[in-house]
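>>> Sequence plus the predicted model coming up.
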Amino acid sequence: GSAGANFLQIPAEPVGAALGNSYVAHVKGVEGLYWNPSAIAFSEGTEVILSTVDWIIDTRISFAGVTHSFDFGTIGLSVTALTMDDMEITTELNPNGTGQFFGAGSYAVGLSYATRVIDRFSFGATIKYVYEYIWETNGSAIAFDFGSVYITDFHNLRIGMRLANFGGSVTFAGDPIDNKAAEIQNSGATYVNDPRLERVSKEYSLPQTFNVGIAIDPLSTKNHRLTLLASAVDPSDNDTQIIFGTEYAFNDLVFLRGGYKSGYDEQDFSFGVGLKYDLAGIKTQFDYAYSAFGILGGINFISLKVGI
């Protein structure tokens, strides 16, 4: 299948990226605004995260989120943005550029809610507004994410689930499309489902994704923890992908992470590190990840998280 707004599938946060995106059952706190909305139910007080990703071909993914815990649950707000520099317009007669430039970008703004139904089970949902533009055209849609996490007594085994980008579709509109459609209609006879019109006004579904995963701590002592993760991802526009990850934590201060993806064309290994500490009573965490991307090189992820 095919889908639009594919920036919604790009990992926007380094902890999950280091784990190969196998984070759905392990995530806790404000990072859940991206990976699993039910995870924000485990947030404490107010948490804020800022993340940036040097994506391929001089593009950048930025992610920001904030959560606050109330007696009735946790509410969060998040913004994801795919941005790039303006590009010069080229034509058949001016292949080296016309001197005019155009811009493009993609954005998603989400409002999330999660609650711990019981101590071992949390459920959450996100409603988000998705907007994309290129040159003088744009499209938008409303989408939903749903997630849950269940925790067992067996080595802290967690089972997580996420259904992402469930909802409408995106149809681009704007003067270039409207003018081209009018040109086609004025050029001669048109008919129902005219492919010429479909090509300039095609409707794109969002990249719906179902993700289920497990996380288990075979080693858990006062100073050491080892977590093993596995996840299956079933996107609407691709084959099912299997992902494995591991995280070692020393004294809940220093973290080493690694991941492996199967079923991807270019991506396979990833790794990362994290450092958590208290700064003047404010819980602060810095995370970094690197993901190999085949012939496209490597991707760097950086984030800063604070909790009050």
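Nice, I can see it. Numbers count the residues shown, from 1 in each chain.

>>> what about the stretch 201-308 of the chain, any weak spots by pLDDT?
201-202 (pLDDT under 70).

>>> make it 80
Along the stretch 201-308 of the chain, segments meeting pLDDT under 80 span 201-203, 263-267.

>>> those strands in it, which residues are they?
203-205, 209-220, 224-235, 241-250, 254-262, 269-279, 282-292, 298-307 (DSSP state E, counting those that start in this stretch).

>>> For residue 171, find the nearest of these.
strand 203-205 (4.7 Å; C-beta to C-beta). Heads up, the C-betas are built off the backbone N, CA and C, glycines and all.

>>> hang on, the earlier thing: can you list the strands of the stretch 201-308 of the chain in TSV and add mean neighbour count and distance to residue 136?
Rendered in TSV, the data for the strands of the stretch 201-308 of the chain read as follows (neighbours: other C-beta atoms under 10 Å; distance: least, C-beta to C-beta, whole Å):
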stretch	mean neighbour count	distance to residue 136
strand 203-205	16	18
strand 209-220	18	30
strand 224-235	19	30
strand 241-250	19	36
strand 254-262	19	37
strand 269-279	16	38
strand 282-292	18	34
strand 298-307	18	31
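
>>> would you list those in TSV and tack on distance to residue 20?
Formatted as TSV, the strands of the stretch 201-308 of the chain follow (distance: least, C-beta to C-beta, whole Å):
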stretch	distance to residue 20
strand 203-205	26
strand 209-220	11
strand 224-235	8
strand 241-250	5
strand 254-262	2
strand 269-279	5
strand 282-292	8
strand 298-307	12
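
>>> Go through those strands and name the closest to residue 126.
It is, among these and with distance given as C-beta to C-beta, strand 209-220, at 13.2 Å.

>>> Tell me where the stretch 101-250 of the chain has helices.
Along the stretch 101-250 of the chain, the segments classed as helices by DSSP state H, counting those that start in this stretch run 175-186, 195-200.

>>> which one of those has the lowest average pLDDT?
When the helices of the stretch 101-250 of the chain are ranked by mean pLDDT, helix 195-200 comes last with a mean of 52.

>>> which stretch among the strands of the stretch 201-308 of the chain comes nearest residue 127?
strand 209-220 (16.5 Å).

>>> Just the angle for the closest one relative to strand 224-235, thanks.
170 degrees (axes from the mean of the first three to the mean of the last three C-alpha atoms, to 10 degrees).

>>> contacting residues around strand 209-220?
Strand 209-220 is touched from outside by 9, 22-26, 154-165, 225-236, 243, with contacts defined as C-beta atoms under 8 Å, 6 or more residues apart in numbering.

>>> Please identify the pairing partners of it and their relative orientation?
strand 158-167 (antiparallel), strand 224-235 (antiparallel) (DSSP bridges).

>>> Dump the ones you listed into a markdown table; add distance to residue 302 as well.
Shown next, in a markdown table, are the strands paired with strand 209-220 (distance: least, C-beta to C-beta, whole Å):
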| stretch | distance to residue 302 |
| --- | --- |
| strand 158-167 | 23 |
| strand 224-235 | 21 |
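
>>> In contact with the residue lying closest to residue 208 once chain neighbours are set aside: list those residues for me.
Leaving aside its sequence neighbours, residue 208 sits nearest to residue 236 (C-beta to C-beta, 6 or more residues apart in numbering; 4.3 Å). When contacts are counted by C-beta under 8 Å, 6+ apart, residue 236 touches 1, 3, 205, 207, 208, 209.
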